[in-house]
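>>> Can you look at this prediction? I've put the sequence above it.
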Amino acid sequence: QVQLVESGGGLVQAGGSLRLSCAASGRAFSSYGLGWFRQAPGKEREFVSAISRGGGRTGYADSVKGRFMISRDNAKNTVYLQMNTLKSEDTAVYYCAADPGGRNYAEHDDEYDYWGQGTQVTVSS
């Protein structure tokens, strides 16, 4: 069982920055593929970013490419999402997800087995 706890959300003005963190339980953190997803009101959950087990591969949705950066610290069992130049359309609940199933990297939500409770990000224009 893997428990994920997100933090770092909040209210920020457009153009500002936030850094989300997701702390994970479990001794095998370095073997998990990790991802961030988001869900805005009235919309389906969508992929934001993912990172491979060793951190050597990262991927981003086109809507956040060049503004967001994912990273992980396996010594701290934590994955981060640095969000810069935030826009009102980035407003959503952000979820981190873990895939301990052996895949190195994943961008589809059905590839992830464990999810955090979510953290709200609100960008005011």
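The structure has been received and is ready for your questions. Numbers count the residues shown, from 1 in each chain.

>>> What is the burial count for the residue lying closest to Ser31 once chain neighbours are set aside?
In space, Ser31 comes closest to Arg53 once its chain neighbours are excluded; the distance is 5.7 Å by Cβ to Cβ, 6 or more residues apart in numbering. Any C-beta I mention is one placed from the backbone N, CA and C, and that applies to glycine too. By the criterion of other Cβ atoms under 10 Å, Arg53 has 21 neighbours.

>>> pretty sure Arg53 belongs to a helix, no?
No - going by DSSP: H, G, I helix; E, B strand; the rest coil, the assignment for Arg53 is coil, not a helix.

>>> right, and it touches Ala28 too?
No - using Cβ atoms under 8 Å, Arg53 is not in contact with Ala28, being 9.8 Å away.

>>> What separation do you get for the residue nearest to Ser31 and Gly33?
Distance, Arg53 to Gly33, by Cβ to Cβ, to the nearest Å: 6 Å.

>>> Show me what whichever helix or strand Val79 is part of pairs with in its sheet, parallel or antiparallel.
Assessed by DSSP states H and E, Val79 sits inside strand 78-83. Sheet pairing for strand 78-83, assigned by DSSP bridges, gives strand 18-24 (antiparallel), strand 68-73 (antiparallel).

>>> Can you say which of the ones you listed is packed in most?
Most buried of the strands paired with strand 78-83 by mean neighbour count (mean count of other Cβ atoms under 10 Å) is strand 18-24; its value is a mean of 20.
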